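Participant: For reference, the sequence and a predicted model appear below.
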Number of protein chains: 2
Amino acid sequence: MSAAGAPSALDAVASLEAVFAPVESLTAFEETVERLGTAIRLGLLPPGTRLPAERELCARLGIARSTLRQALVALGQSGHLRATRGRGGGTFVSDPLPPASPPSPELLAAWRITCDERMAVEVGIAVLAAARAAPEKLDALDALVLLIDDLLEDFPAYRQADVRLHVGLAEATGCARLVTAMTEVQGAMTGLITMIAHPPEVLDSSNDQHRRLLAAIRRGNEAGAAREMAEHLRGTEHILAGLMPPS
Amino acid sequence: MSAAGAPSALDAVASLEAVFAPVESLTAFEETVERLGTAIRLGLLPPGTRLPAERELCARLGIARSTLRQALVALGQSGHLRATRGRGGGTFVSDPLPPASPPSPELLAAWRITCDERMAVEVGIAVLAAARAAPEKLDALDALVLLIDDLLEDFPAYRQADVRLHVGLAEATGCARLVTAMTEVQGAMTGLITMIAHPPEVLDSSNDQHRRLLAAIRRGNEAGAAREMAEHLRGTEHILAGLMPPS
DNA sequence: GTTCTAAGGACGGACCATCACACCTTTACT
DNA sequence: AGTAAAGGTGTGATGGTCCGTCCTTAGAAC
């Protein structure tokens, strides 16, 4: 290192790859489809739910109504939404939902990156929740864990409750951005997770991890929460690693 | 809860706020300004650095040259870049950089959200690094900590090395997306951090936390890394909390 | 000193996403 | 029958982005 304080060339290279990486800016249309589609597939908007009226929703989303309609039409064509006209009508989440499409090759290729991102986001949220989650919120999550115990035989229902639990954890941090981050990460994982066989025993032990995680959070044990969450997520990762072609 | 499996209305409300939150899609121009500006302000692109040629850079960024030029012109007008023409010319990071502009009211209003996001991202990255960081990479980070010991009297230099350390941690996870997330979060924090007085004793103890953090990571101690990182970040948060008007 | 060349600088046309606004159609409630 | 609330449709304007082309500058090579 010649000049004092000047970064070495080697050190700079790695981070500059991130700085100069391709900029992919989603259009308002794309992001809306993404957001609503993810919320539907994750069960945040269960089948039969009525969306806010178009004129209200476009105001909430901060986009023009025509742009929102493009998104709604796209989600309608893919079978996730259906619209009825007239008074008392509206846009509703389809019931039943269309069968999940198989994960795209790109998603499969990026599975490790997706898992890494999930690990970072979820562990961070677990620690934050341990630091500050309100007991009442944790009570609700405990109840969810008990409810999940009855869903070990029905994977779609299990997965949906699982997502609600994880998103609930993000809500417990009180930071809306983190809720968004969690839903995005869960949406990205969903395609991968459906590839995995989920025998009830696995789901049972996974829910046990939920219990230990929530206990650690309730104790305010940040380190414990981080460890439990990391272990919990590692379970999925190991199974996926076995399924994917060795990269 | 009446219908089995159906989410209670109350449960849905919180997460739907995130689903229906305003969609803010950055244009390619805006994101480029953001990315390059952040990299410059963080010292990832130190003063005097020559950027790649426009024709190459727009290819790397995946945008049109005219769009890139808009961003370069904007950064030039704000004094972060200067361009020289002719052979051997190019676009260079200004030396010295323009004085940092005071943090915007919006940034100040969102300081808690920014801190939360940083906590989540950094703790997650610390845990991931503990799980898999290469020893050689950690050696480089240890060296950085030693270097920082000599910068306790010069806050700008300290801060720059501090950023390099944290970004280096993200690089140690081997996930480019996390490096991006870390630089974004650090960029958002920079404006807030400059508001704080940083006596050498505080910086010294902060660097001690770096040491303990890296030690935990080297031991592969995920829980310890999470705890150390959380404590490390809490230091800044507490000082900020004292400065900000009670929300 | 002339020529070559690699760089930034500027322009124009095409395309497309987005917007705002106005209007139509359906349907249930009053 | 009328009204209100919802989705459905169309149009023109605006602005971001892209692509290609040409100009200008100034160091390097000869």
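Facilitator: Yes, it's here. Residues are numbered from 1 along each chain as shown, chains lettered A, B, ... in the order given.

Participant: So what's the residue count around the residue in chain A positioned nearest to DNA strand C?
Facilitator: Closest residue of chain A to DNA strand C, C-beta to the nearest atom of the strand: A:Gly86 (2.0 Å). In this view, the C-beta of every residue, glycine as well, is placed from N, C-alpha and C. Close neighbours of A:Gly86, defined as other C-beta atoms under 10 Å in any protein chain shown, add up to 6.

Participant: Quick check: it is in a strand.
Facilitator: No: A:Gly86: not assigned to a strand; according to DSSP: H, G, I helix; E, B strand; the rest coil it is coil.

Participant: Could you pull up the mean pLDDT of the strand or helix carrying A:Glu117?
Facilitator: Following DSSP states H and E, one finds A:Glu117 within helix A:111-132. Mean pLDDT, computed over helix A:111-132, is 96.

Participant: Name the next helix or strand downstream of it, please.
Facilitator: Next along from helix A:111-132, by DSSP H and E: helix A:135-149.

Participant: Isn't A:Leu57 up against A:Leu68?
Facilitator: Yes: contact criterion C-beta atoms under 8 Å: A:Leu57 and A:Leu68 qualify, at 6.0 Å.

Participant: between those two, who's got more neighbours?
Facilitator: A:Leu68 (24 against 19).

Participant: Now do the contacts for the more buried one.
Facilitator: A:Leu68 makes contact with A:Thr32, A:Glu54, A:Leu57, A:Cys58, A:Leu61, according to C-beta atoms under 8 Å, 6 or more residues apart in numbering or on different chains.

Participant: can you rerun that using 10 Å?
Facilitator: A:Leu68 makes contact with A:28-29, A:32, A:36, A:51, A:54-55, A:57-61, A:91, B:23, according to C-beta atoms under 10 Å, 6 or more residues apart in numbering or on different chains.

Participant: Same check on A:Leu57?
Facilitator: A:Leu57 makes contact with A:Thr32, A:Leu36, A:Leu51, A:Ile63, A:Arg65, A:Leu68, A:Ala71, A:Leu72, A:Thr91, B:Phe20 under the criterion C-beta under 10 Å, 6+ apart.

Participant: in chain A, which residue is closest to the centre?
Facilitator: A:Gln186 (1.9 Å; C-alpha atoms, centre = their mean).

Participant: re the thing from before, tell me the buried residues within the contacts of A:Leu57.
Facilitator: For the contacts of A:Leu57, a burial check counting by 16 or more other C-beta atoms under 10 Å in any protein chain shown picks out A:Thr32, A:Leu36, A:Leu51, A:Ile63, A:Leu68, A:Ala71, A:Leu72, A:Thr91, B:Phe20.

Participant: So for the closest residue to the last one other than its chain neighbours, what's the pLDDT?
Facilitator: Across the structure, with C-beta to C-beta, 6 or more residues apart in numbering or on different chains as the measure, the residue nearest B:Phe20 apart from its sequence neighbours is A:Arg60 (4.8 Å). Per-residue confidence for A:Arg60 comes out at a pLDDT of 91.

Participant: how about A:Arg60, secondary structure?
Facilitator: What three-state DSSP gives for A:Arg60 is helix.

Participant: quick check, nearest of the contacts of A:Leu57 to DNA strand D?
Facilitator: Nearest to DNA strand D among the contacts of A:Leu57 is A:Thr91, at 4.3 Å by C-beta to the nearest atom of the strand.

Participant: Bridged to that closest one, which residues?
Facilitator: On the basis of DSSP bridges, A:Thr91 takes part in beta bridges with A:Ala83.

Participant: What are the neighbouring residues in contact with it?
Facilitator: So A:Thr91 contacts A:36, A:49-54, A:57, A:68-69, A:72, A:75-76, A:81-84 (C-beta under 10 Å, 6+ apart).

Participant: Need the pLDDT of it.
Facilitator: Note on A:Thr91: pLDDT of 94.

Participant: go on, A:Pro7?
Facilitator: 42.

Participant: list the contacts for A:Lys137?
Facilitator: By C-beta under 10 Å, 6+ apart, the residues touching A:Lys137 are A:Ala129, A:Gly168, A:Leu169, A:Glu171, A:Ala172, A:Thr173, A:Gly174, A:Ile217, B:Ala14.

Participant: and what of A:Leu146?
Facilitator: A:Leu146 is in contact with A:Asn207, A:Arg211, counting by C-beta under 10 Å, 6+ apart.

Participant: Strands of chain A, residue ranges please.
Facilitator: Along chain A, the stretches classed as strands by DSSP state E are A:81-84, A:90-93.

Participant: Now render those as CSV, adding distance to A:Glu231.
Facilitator: Shown next, in CSV, are those (distance: least, C-beta to C-beta, whole Å):
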stretch, distance to A:Glu231
strand A:81-84, 38
strand A:90-93, 34
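
Participant: Ranking these by mean neighbour count, which comes first?
Facilitator: Ranked by mean neighbour count, the strands of chain A are led by strand A:90-93 with a mean of 18 (mean count of other C-beta atoms under 10 Å in any protein chain shown).

Participant: is any part of that one close to DNA strand D?
Facilitator: Yes: Strand A:90-93 comes into contact with DNA strand D (C-beta under 7 Å from any atom of the strand), by way of A:Gly90, A:Thr91.

Participant: Distance from the chain centre to that strand, please.
Facilitator: Taking the mean of its C-alpha atoms, strand A:90-93 sits 22 Å from the chain's own mean (C-alpha atoms, centre = their mean, to the nearest Å).
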